[in-house]
Structures are given as structure tokens and as C-alpha cells.
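Visitor: Here is my input; please provide its structure:
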Amino acid sequence: MADYGFRSERMELVQILMQKDAAHDSVDELARLECIQFRDSDDNKDRTAFQREFAHEVRVCDDILRKFRFLRESAGKLGLEVYPAQGLGPGLGNQRLNLYQMNQELAEAEKELKEMFSRQRIMDGTHAELLEHRHLLRNIPKLMGARADASKILVVPEEADP
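Guide: As a prediction, this is how the structure comes out:
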């Protein structure tokens, strides 16, 4: 956040009235300036969190935070480093996303990552089964003992152990 002096610096209380459609973009631009503090209006004192005007957007933001946490934890499990964003300026190819676009893209990334982890678990299980089968095939002559010469019946390809 930019340094605009001390908290005791002179401030003015201003009320901004705007159309609901323009509120998202306007608040976004004001936040990018980093020199404004928002206060909840007195109209919301008697309302619960779910009765307030932008309750749905707050839930979407909570969902976005949950998805970011999942992506960060997954990156940590994979040994990847996550670096903090460098400000709010245009950084991703000069592309600005609104709340719902960001939620959609994060949902797609989360889904792909969960599918990748699921496939990895399946492949790990299949690999373990194949190792077990190879071990059994190599040890059949020992298990069969004197009853039969299994080495003449079964040919096991020799492979280097990983």
C-alpha cells in the first residue's frame, strides 16, 4: 500500500452516491488509488450479513479466497513457490477481470488441479499393482519349488528397477 502519511493526517468524510451498475468498477478504481478508506453505512447496522445489499458478492469473495488457499496449498505440495502479486496494476497481460470472471477462472483451475491429483492417485495405485505383479512373476519359480520347473513355463522380461 502506498504511504500517505500518518493515520492522524487530516481526513474528510465523504458520501458517494452512485448507480449500482457502476459501483463495482468505481470502487475498483478507488481501491487502485490506495488513498481512500471505506466505512459501512449506518443503514446496515440493523441488518444481518445475509440481508445486506451485496451479500452475494461477499460470498463470491469468500469462495475466491478459498480457491486461492487451495491453489497455494497445492503449489506447496508440488514444491512450487508462490510469490505475492506486485500491486494492483495491470500485470496479467493488461487484462482486468471482474469478480465473476475471476471466480470462473479460479473454478476451472481448481477443477483441473483436482482432476490432476485424482489421476495421479490412480497412476500411483496402478504402478504399485504392476510392481507387485512383477515381483510375483519373478518369484514364481521359488514359490513353485520342486513341483514344477516354472522357469520353463514363464518368461519374465528383465527391466531395470526405477
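Visitor: tell me what the one helix or strand residue 134 maps to is packed against?
Guide: When secondary structure is defined by DSSP states H and E, residue 134 falls within helix 99-144. Based on contacts counted as 3 or more CB pairs under 8 Å, 6 or more residues apart in numbering; DSSP states H and E, the elements that helix 99-144 packs against are helix 55-77, helix 150-153. No exception for glycine: its C-beta is placed from N, CA and C like everyone else's.
Visitor: ok now that helix, how far from the chain's centre?
Guide: The chain centroid and the centroid of helix 99-144 are separated by 20 Å under CA atoms, centre = their mean, to the nearest Å.
Visitor: angle of it against helix 55-77?
Guide: An angle of 40 degrees separates the directions of helix 99-144 and helix 55-77 when computed by axes from the mean of the first three to the mean of the last three CA atoms, to 10 degrees.
Visitor: picking that back up, of the helices and strands packed on helix 99-144, flag the one that's most buried.
Guide: Most buried of these by mean neighbour count (mean count of other CB atoms under 10 Å) is helix 55-77; its value is a mean of 13.
Visitor: CA atoms only: put that helix into CSV for me.
Guide: Backbone C-alpha positions of helix 55-77 (Å, rounded to 0.1, in the frame of the first residue of the first chain) are rendered in CSV as follows:
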residue,chain,number,x,y,z
ALA,A,55,-24.2,-10.3,0.4
HIS,A,56,-23.9,-12.4,-2.7
GLU,A,57,-20.7,-10.6,-3.8
VAL,A,58,-19.3,-11.2,-0.3
ARG,A,59,-20.0,-14.9,-0.6
VAL,A,60,-18.3,-14.9,-4.0
CYS,A,61,-15.2,-13.2,-2.5
ASP,A,62,-15.1,-15.9,0.3
ASP,A,63,-15.3,-18.6,-2.4
ILE,A,64,-12.4,-16.9,-4.3
LEU,A,65,-10.3,-16.8,-1.1
ARG,A,66,-11.0,-20.5,-0.5
LYS,A,67,-9.9,-21.3,-4.1
PHE,A,68,-6.7,-19.2,-3.7
ARG,A,69,-5.9,-21.1,-0.5
PHE,A,70,-6.4,-24.4,-2.2
LEU,A,71,-4.2,-23.4,-5.1
ARG,A,72,-1.5,-22.1,-2.8
GLU,A,73,-1.5,-25.3,-0.7
SER,A,74,-1.4,-27.4,-3.9
ALA,A,75,1.5,-25.5,-5.2
GLY,A,76,3.3,-26.1,-1.9
LYS,A,77,2.6,-29.8,-2.1
